[in-house]
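Visitor: Sequence and predicted structure, then a few things I'm wondering about:
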Amino acid sequence: MNFASDNASPAHPNVIEAISRANHDFVGSYGSDPIMQRVRQQIRDIFEAPDAAVYLVATGSAANALALATYCPPWGAVYCHDVSHIEMDECGAPEFYTGGAKLAKISGAHAKIDPDALEHALASAAAVGVHNVQRGMLSLSNVTELGACYSADELSALCGLAKQYDLPVHLDGARFANALVATGATPAELSWRAGVDVLSFGGTKNGLMGVEAVVMFDPAKAWEFELRRKRGGHLFSKHRYLSAQMEAYLTDGLWLEMAGQANAMGSALAEGLGASNVAHLLHPADANMIFVSLPAGRHRAAQEAGAVFYPLPPHRGFDGPEDAMIPARLVASWCTSKADVAGYLSAIAAA
């Protein structure tokens, strides 16, 4: 019953087997391996983007920061939600890699940027010219940090506002597969057709050992990205081990199968909690992350039964009176089972 994070889940056996298969003979390095050629074509086919430039890195922070640095100048603003991953969880990496670009935080319910707030921020930016940070780019997240999903239409509306000011758009897709399953959209509809220029296409949270793709739908900045990746220390020499993971991920729809399982278990958790008379769901349970407020005693009972999950800041634990309401996050992964969900729900019901 581990609901701590989809980062905590193991890699899928197909992925481990693919790495083992790749571990033979001498193969070209730095992305010249034949597996990467196949991965590049897989991603182009999946996204219906035959000219897309595709690169692999090992972490989501690297994918996001290098993508932002390639498209936003140091004097620019990256418009993002105030609880986005690039704002809250990357230790200043976007600012570091861009050479000083400012993160301009925009509000909105459930970590989805409010279109009116974005329009106001864009319209009022750089009012006194050279003295101001300039408009740089827009960064969105799907799934958001609070578990909600943008529809293709919602993405299109926000991208459309950015395009009015000729701004490129980045999409943090650490859980992009979960968003696809949740919305029923195609990869193209939830990316370049909506107006996204560069996508951080996640895999680590969805059953990979450690690899993310950066997909640039217009290859004009591909060479700059390559230079930034190398200069930033994120070009793997034995690249085939990244390629092998991504190839296994995309073969026979494994990536969507794993996301579907995670989302289904997230929905089961949400439904069970919603049916109780003590839980309060804090955000829409669109994908695989559940945010819930429960009495401290119920949280403790679940932990005593073996469930692993975290309270939300500023809480550091579940101490306090039995009936003290404390918010927590539960995350289902590709290997979360019905038994895990049932065990957790039974524990809080019996408390």
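Guide: Arrived safely. Numbering: from 1, shown residues only.
Visitor: Every contact and neighbour count from this point should use C-alpha atoms.
Guide: OK.
Visitor: Doesn't H24 belong to a strand?
Guide: No - assessed with DSSP: H, G, I helix; E, B strand; the rest coil, H24 is coil; it does not lie in a strand.
Visitor: Tell me, how many residues neighbour the closest residue to V196 other than its chain neighbours?
Guide: The spatially closest residue to V196, leaving aside those adjacent along the chain, is V169, at 5.0 Å (C-alpha to C-alpha, 6 or more residues apart in numbering). Using other C-alpha atoms under 10 Å, V169 has 28 neighbouring residues.
Visitor: can you check V128 too?
Guide: Using other C-alpha under 10 Å, V128 has 9 other residues around it.
Visitor: Please report how far it lies from E212.
Guide: Separation of V128 from E212 (C-alpha to C-alpha, to the nearest Å) stands at 39 Å.
Visitor: repeat for F96
Guide: On the measure of C-alpha to C-alpha, F96 and E212 end up 20 Å apart.
Visitor: again, but for Q134
Guide: In this view, Q134 and E212 are 29 Å apart by C-alpha to C-alpha.
Visitor: what do you get for K230?
Guide: 16 Å.
Visitor: Neighbour count: the two, which is higher?
Guide: Between K230 and E212, counted using other C-alpha under 10 Å, E212 has the larger neighbour count: 28 against 12.
Visitor: Can you verify my assumption that the residue nearest to V196 contacts G136?
Guide: No - contact criterion C-alpha atoms under 8 Å: V169 and G136 do not qualify, at 9.5 Å.
Visitor: Buried ones in stretch 132-148, by neighbour count?
Guide: Using 16 or more other C-alpha atoms under 10 Å as the test for burial, stretch 132-148 gives 133-148.
Visitor: Going by distance to A259, which of the residues you listed wins?
Guide: Nearest to A259 out of those is V143 (C-alpha to C-alpha; 11.6 Å).
Visitor: Show the pLDDT at that closest one.
Guide: Per-residue pLDDT puts V143 at 97.
Visitor: Quick one: neighbours of the nearest residue to it once chain neighbours are set aside, just the number.
Guide: Nearest in space to V143, with sequence neighbours left out and distances taken as C-alpha to C-alpha, 6+ apart, is C149 at 4.9 Å. Neighbour count for C149, taken as other C-alpha under 10 Å: 27.
Visitor: Does I326 fall in a helix, a strand, or a coil region?
Guide: Strictly by three-state DSSP, I326 counts as strand.
Visitor: immediately after the helix of greatest length in the chain, which helix or strand?
Guide: Ranked by number of residues, the top helix in the chain under DSSP state H is helix 254-275. Sequence-wise, the next helix or strand downstream of helix 254-275 (DSSP states H and E) is strand 280-281.
Visitor: quick one: average confidence on that next one?
Guide: Averaged across strand 280-281, pLDDT comes to 96.
Visitor: ok, now how distant is the closest residue to G343 other than its chain neighbours from V341?
Guide: Spatial nearest neighbour of G343, chain neighbours left out: M1 (7.3 Å); criterion: C-alpha to C-alpha, 6+ apart. The span separating M1 from V341 equals 7 Å under the rule C-alpha to C-alpha.
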